[in-house]
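Visitor: when you get a sec, could you give me coordinates for this:
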Amino acid sequence: MSNSRHLPEAPTDIRDLAATASVTAHWHDGHQVVYASSGVLAVHTAESRWITPAHRALWIPAGTVHSHRAFGVTRLHLFGIPKATSPLKLAEPTALTVTPLLRELLIAYTALGGERETPAGRRMRGVLFDQLATAPEQPVRVPAARDPRLAEVCRLLEEDPSDSRGLEALGREVGASGRTLTRLFRQDTGMTFPQWRTQLRLYHALRLLAEGRSVTSVARLCGFATTSAFIDVFRRSLGHTPGSYIHSGQKSHISGWSLHNVGVGLVWGP
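Guide: Next comes the predicted model:
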């Protein structure tokens, strides 16, 4: 991400992104919380990729070079936080669970515009800080590999998440033993191979669900043995079934007060 842009202020506002729209690599002087109330947003850094469905937000620390890509029509809520007033002490990007209260606060506060510095706006920001400080960390994160042999294995699985081969078989294609690749997964990603592959499959599953694919077809395309196995892994990892995600997570549950303040048709500025 050597061609990244420096955008000093981390904005607080709402952006509507078309399906497959992307935002080039950039970084801010302040921290930022990124939340998609509808659609699915992928956030990439040099070290990892995250995907943030409607039950997750991503904390992006100041100075972190990152890019975005939307899957499905996505409403993006951006909350910029100066370093001096940060409610979190996280030095790395982190996915946070979005409770119903945190969701409504992010939607309402990013819609306030010029009213954020009124007494009511400052009180809302204080509650928002309290909620962020206690939000559990629950990522769907795909760490990048540094070793070229492991990077090639990751590329093969990225191209076909349904590939069910083990590390010995994959290693024969890249010139490394299964034992070596096992060590490299721990060393480069901090995960075991099964853990990493599950994260990769969930990453692709969320993208495909956002594109309108059925739960059954997503399970097959992402390499889960059965639809039931996919539903079980999805629920244990994200706290919801794929079906409930499709029917509720994709919708923007904006209250009448919030809807009155939300602008539409916004595009990403420089």
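Visitor: could you list the domains of the protein?
Guide: 5-139, 145-249 (automatic domain parsing).
Visitor: return the distance of the last one from the chain's centre.
Guide: Domain 145-249 sits 16 Å away from the centroid of its parent chain (CA atoms, centre = their mean, to the nearest Å).
Visitor: tell me which stretches of the stretch 101-250 of the chain form helices.
Guide: Secondary structure of the stretch 101-250 of the chain by DSSP state H, counting those that start in this stretch: the helices cover 119-133, 148-159, 167-174, 178-189, 193-210, 215-221, 227-238, 242-244.
Visitor: next one: Lys83 from Lys89, what distance?
Guide: Separation of Lys83 from Lys89 (CB to CB, to the nearest Å): 11 Å. C-beta: built from backbone N, CA, C; applies to glycine.
Visitor: related to what we said a few turns ago, can you put the domains of the chain in TSV and add mean neighbour count?
Guide: Below are the domains of the chain laid out as TSV (neighbours: other CB atoms under 10 Å):
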stretch	mean neighbour count
domain 5-139	18
domain 145-249	17
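Visitor: re earlier: which one of the helices of the stretch 101-250 of the chain lies closest to Leu106?
Guide: helix 119-133 (7.1 Å; CB to CB).
Visitor: helices or strands next to the closest one in the packing?
Guide: Here helix 119-133 touches helix 100-110, going by 3 or more CB pairs under 8 Å, 6 or more residues apart in numbering; DSSP states H and E.
Visitor: kindly recompute the last result at 10 Å.
Guide: strand 66-81, helix 100-110 (3 or more CB pairs under 10 Å, 6 or more residues apart in numbering; DSSP states H and E).
Visitor: export the domains of the chain to a markdown table and append columns for mean pLDDT.
Guide: Converted to a markdown table, those look like this (pLDDT from 0 to 100):
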| stretch | mean pLDDT |
| --- | --- |
| domain 5-139 | 92 |
| domain 145-249 | 92 |
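Visitor: how about the helices and strands packed on helix 119-133, which one is nearest Asp188?
Guide: Comparing those under CB to CB, the one sitting nearest is strand 66-81, at 19.9 Å.
Visitor: tell me the angle the closest one makes with helix 100-110.
Guide: Calculated by axes from the mean of the first three to the mean of the last three CA atoms, to 10 degrees, strand 66-81 forms an angle of 90 degrees with helix 100-110.
Visitor: and stretch 178-197, how far apart are its ends?
Guide: Terminal residues of stretch 178-197 are spaced 15 Å apart (CA to CA, to the nearest Å).
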